[in-house]
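**Q** With the input below, show me the fold.
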Amino acid sequence: MLPIPSDMHCAPLSLAQNSPLAGTATVVETWFLLEYNGSWTAKATDDNHLPEAVQGWLKGLVEQVPHSRVQFIKHPTAPTVGGLVFYTATGGKLYQQQVAQYADLLPLSWAELTAPANQCEEQVYLVCTNGKRDWCCGKFGAAAFRHLDPLIRQYPGPIVEKVWMTTHLGGHRFAATLVFLPAGVSYGLVQPDELEALVQSHRRGKLMLERFRGRNAYPKPVQAAETLLYETTGETRLDAFTFQQAQKQEANIWQVQFQQPSNGLLHTIHITEQTTPEPVLVSCTPPKWEVETVYLT
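**A** As a prediction, this is how the structure comes out:
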């Protein structure tokens with residue numbers, strides 16, 4: 001592969017090429033978010049200074065809960081008062097624990113983490129800022145965080161909103177990347193001047209389709225099908241459609257069905273998986289080129 005010019009980076013290149021976002025969100029059904037204010041390495045959730053028993057506890061959770069993922073989170077100017085925070089986001093709900101030290105997590109089971117008494121009504125924005133993993137995440141993710149955090153504070157919404165820096169979310173070339181929880185929707189290539197519109201959309205219970213990568217709980221072809229459905233119907237409400245089923249009909253053809261609760265309509269979408277003819281730059285630290293999958297109707 002040709003060497004990357006020193007002034008070329010993966011996210012600006014993706015933005016300039018108008019790279020498709022649909023169907024690119026990391027597939028996660030359950031998120032475990034641990035406040036960790038130490039320095040982050042390139043693979044922070046595996047390479048860190050947590051007590052060995054706590055690392056084992058986190059790995060045990062991921063092994064126990066299908067399609068789950070651990071994220072480290074931190075806030076540089078507003079640390080949690082009274083200890084450390086641990087969130088569990090699953091099934092459209094967010095649960096929270098406050099602990100004085102990491103070892104206090106060890107007795108907590110999945111049932112305790114998701115007990116109704118621990119459910120909270122917060123909405124959380126995760127912004128990948130891990131520059132050790134990729135230059136673009138450090139550059140553009142940090143810029144997004146610096147804009148989004150004071151915006152939320154200056155114009156509070158009807159529900160408590162919090163913004164956290166987080167470790168790798170997947171998709172360096174789409175920095176700034178964001179995940180909105182507990183809805184579990186991902187955005188990419190978000191520009192600082194678009195963040196207010198994104199927040200206002202969420203406060204109205206709507207998506208910002210221009211930067212929508214997909215709903216994390218869905219397989220990637222289903223993510224792409226949902227995006228197409230939003231675009232063709234003109235809907236933007238977060239809960240406009242309910243996923244029914246998906247079938248892979250041929251080697252690269254998916255049939256996906258959604259129901260529209262507002263009118264009972266059943267929508268059937270056919271999605272074709274294709275690979276790009278030439279590798280694209282997917283990361284710039286170090287430069288990495290890959291053939292990627294795109295989803296077409």
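
**Q** going forward, measure contacts and count neighbours with C-alpha atoms only.
**A** Fine.

**Q** Which stretches in the stretch 151-297 of the chain count as helices?
**A** Assigned by DSSP state H, counting those that start in this stretch, the helices in the stretch 151-297 of the chain fall at 195-203, 220-233.

**Q** Make JSON lines out of the ones you listed and add distance to residue 94, mean pLDDT and mean neighbour count.
**A** Shown next, in JSON lines, are the helices of the stretch 151-297 of the chain (distance: least, CA to CA, whole Å; pLDDT from 0 to 100; neighbours: other CA atoms under 10 Å):
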{"stretch": "helix 195-203", "distance to residue 94": "16", "mean pLDDT": "96", "mean neighbour count": "16"}
{"stretch": "helix 220-233", "distance to residue 94": "22", "mean pLDDT": "97", "mean neighbour count": "21"}
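
**Q** want to throw the ones you listed into CSV with distance to residue 179?
**A** Below are the helices of the stretch 151-297 of the chain laid out as CSV (distance: least, CA to CA, whole Å):
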stretch, distance to residue 179
helix 195-203, 12
helix 220-233, 14
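
**Q** So which of those is nearest residue 141?
**A** helix 195-203 (12.0 Å; CA to CA).

**Q** how far out from the middle of the chain is the closest one?
**A** Put simply, helix 195-203 sits 16 Å off its chain's centre (CA atoms, centre = their mean, to the nearest Å).

**Q** out of the helices of the stretch 151-297 of the chain, which comes closest to residue 18?
**A** helix 220-233 (16.1 Å).

**Q** just checking, what packs against the closest one?
**A** Using 3 or more CA pairs under 8 Å, 6 or more residues apart in numbering; DSSP states H and E, the elements in contact with helix 220-233 are strand 212-215, strand 253-260, strand 265-275.

**Q** for the first one, what is the average pLDDT?
**A** Yep, that's strand 212-215 we're talking about. Average pLDDT, strand 212-215: 98.

**Q** Same question for that strand: list its buried residues.
**A** Within strand 212-215, the residues scored as buried using 16 or more other CA atoms under 10 Å are 212, 213, 214, 215.

**Q** same check, this time on stretch 186-194
**A** Here stretch 186-194 shows 186, 187, 188, 189, 190, 191, 192, 194 as buried, counting by 16+ other CA under 10 Å.

**Q** Distance to residue 84 for the buried residues of strand 212-215 - can I get that in TSV?
**A** Below are the buried residues of strand 212-215 laid out as TSV (distance: CA to CA, whole Å):
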residue	distance to residue 84
212	31
213	30
214	30
215	28
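
**Q** what's the closest of these to residue 293?
**A** So of the buried residues of strand 212-215, ranked by how close each gets to residue 293 (CA to CA), first place is residue 213, at 13.5 Å.

**Q** give the contact list for that closest one.
**A** Residue 213 sits next to 21, 22, 23, 24, 25, 185, 186, 187, 188, 223 when contact means CA atoms under 8 Å, 6 or more residues apart in numbering.
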